[in-house]
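[1] quick one: sequence plus predicted model below, questions after.
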Amino acid sequence: MAYEKSFIITHIREDLEKTEGKRDVVKANPIEMMMVKKVSPEELHVNPADEFSFPDIGPNDAIIENYSQIARRNEAMNLAVFEEPILVNKIKYGGYLILNGHHRWAGALKARVKKIRIKIQNS
């Protein structure tokens, strides 16, 4: 379990460094906001303002493991990986900034699922 937490914390740090100064939100058009889209978990980026990204708080291993098991099971059964799409903002850098669903995203990464559902918001 410690390896997994180390992996996700490393991934978070690398993502925050890689996207620093490149998280400008791009206004989504009304059609994009109405649709639920499937994307690779790799297209999602952690939100530096979310407590998930804070080293003192960070991700919860038990929650990530639970979501990882759900993701594997649902993908194997050809169902949506998660019932609720992850809420995101479209960003200039390319990809999406997570607004809600960091633990689900981490569970999808851990389960190595190919696609997860997202819903674009304008904030």
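    Here it is on my side, so go on.

[2] touching, Leu97 and Pro48? I think so.
    No: between Leu97 and Pro48 there is no contact under C-beta atoms under 8 Å: 9.1 Å. (Glycine included, C-beta is placed from N, CA and C.)

[3] more neighbours: these two, which one.
    Neighbours per residue, other C-beta atoms under 10 Å: of Leu97 and Pro48, the larger number sits with Leu97, 24 against 15.

[4] overlap in contacts, Leu97 and Pro48.
    Contact with both Leu97 and Pro48 is made by residues Arg23, according to C-beta atoms under 8 Å, 6 or more residues apart in numbering.

[5] what ranges does this protein have for its helices?
    2-19, 30-34, 61-76, 102-111 (DSSP state H).

[6] closest one to Phe52 among these?
    Of all those, helix 102-111 sits nearest to Phe52, with 3.8 Å by C-beta to C-beta.

[7] what helices and strands are in contact with the closest one?
    Helix 102-111 is packed against helix 2-19, helix 61-76, strand 116-120, with contacts defined by 3 or more C-beta pairs under 8 Å, 6 or more residues apart in numbering; DSSP states H and E.

[8] give me the most central residue, the protein.
    Nearest to the mean C-alpha position of the chain, by C-alpha atoms, centre = their mean, lies Trp105 at 3.4 Å.

[9] next, find the distance separating that one from Val46.
    Per C-beta to C-beta, to the nearest Å, Trp105 is found 8 Å from Val46.
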